[in-house]
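Participant: Fold the following for me, if possible:
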Amino acid sequence: MNLRIKDKVKVIDEDFVGEVLKIDGSLITVSCEDGFEYVFQKHELLLLKSNGEVEHTTRDSYGELLDIKNDKSKGVNESIEFNFKGKKPVIDLHLEELAPTKVFENNHEALIFQLEVVKEVIRVASQKKIRNVVFVHGVGQGRLKTELRSLLISSYPEIEFFDGSYTQFGLGATEIVIHRLHGK
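Facilitator: Sure, this is the predicted structure:
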């Protein structure tokens with residue numbers, strides 16, 4: 001995420017929205033709506049679009065490299081970077097974020113790829129003892145949301161899920177809570 005002076009940002013896990021005043025390496029000074037200035041680490045902030053919605057990103061210099069592998073005959077073999085910083089990582093499942101250069105033969109192949117990403121993120125989150133993750137799937141026709149929740153029900157009985165924050169994501173996100181970590 002590249003921040004610039006005057007960018008609008010939201011603080012992760014806080015109820016602060018503000019404007020970037022100063023950038024000093026990874027330290028960002030933000031003037032918040034309460035009139036005070038605060039200093040945050042870059043990874044604690046989310047960039048806001050002009051319409052006030054969070055601009056989601058899966059690629060970040062603070063990210064963790066995940067190897068997402070699937071059936072090679074389907075051509076899904078990608079390395080993707082995710083930001084696991086903060087208490088509640090946000091993972092954008094939109095194809096233009098996950099694999100901007102990848103061309104999928106059909107919608108089913110793309111959906112399988114997205115679900116493989118979900119499985120790998122859950123595996124890594126469990127390994128790192130991260131309990132909450134937000135998956136941004138968008139609204140669209142609801143196919144990805146339906147398949148994501150179906151996967152969670154059938155394969156992850158230890159995971160609770162619900163709609164992500166309506167103020168941040170509208171109806172386009174699912175938050176998961178991992179109650180019993182894998183491998184324990």
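
Participant: Around residue 43, count how many other residues there are.
Facilitator: 18 (other C-beta atoms under 10 Å). C-beta: built from backbone N, CA, C; applies to glycine.

Participant: Shouldn't it be within a helix?
Facilitator: Yes. Counting by DSSP: H, G, I helix; E, B strand; the rest coil, residue 43 is found in a helix.

Participant: pLDDT wise, what is it at?
Facilitator: Residue 43 carries a pLDDT value of 74.

Participant: quick one: it from residue 120, how far?
Facilitator: From residue 43 over to residue 120 the distance is 21 Å, taken as C-beta to C-beta, to the nearest Å.

Participant: Give me the buried stretch members for stretch 140-149, please.
Facilitator: 144, 145, 147, 148, 149 (16 or more other C-beta atoms under 10 Å).

Participant: Surely residue 20 forms part of a strand?
Facilitator: Yes. Residue 20: assigned to a strand according to three-state DSSP.

Participant: now it, which residues is it bridged with?
Facilitator: As for beta bridges, residue 20 partners with residue 30 under DSSP bridges.

Participant: The top helix by length along the chain packs against which elements?
Facilitator: Longest helix in the chain, counting residues (DSSP state H): helix 107-127. Applying 3 or more C-beta pairs under 8 Å, 6 or more residues apart in numbering; DSSP states H and E, one finds that helix 107-127 contacts strand 64-69, strand 77-82, helix 95-98, strand 132-136, helix 143-155, strand 173-178.
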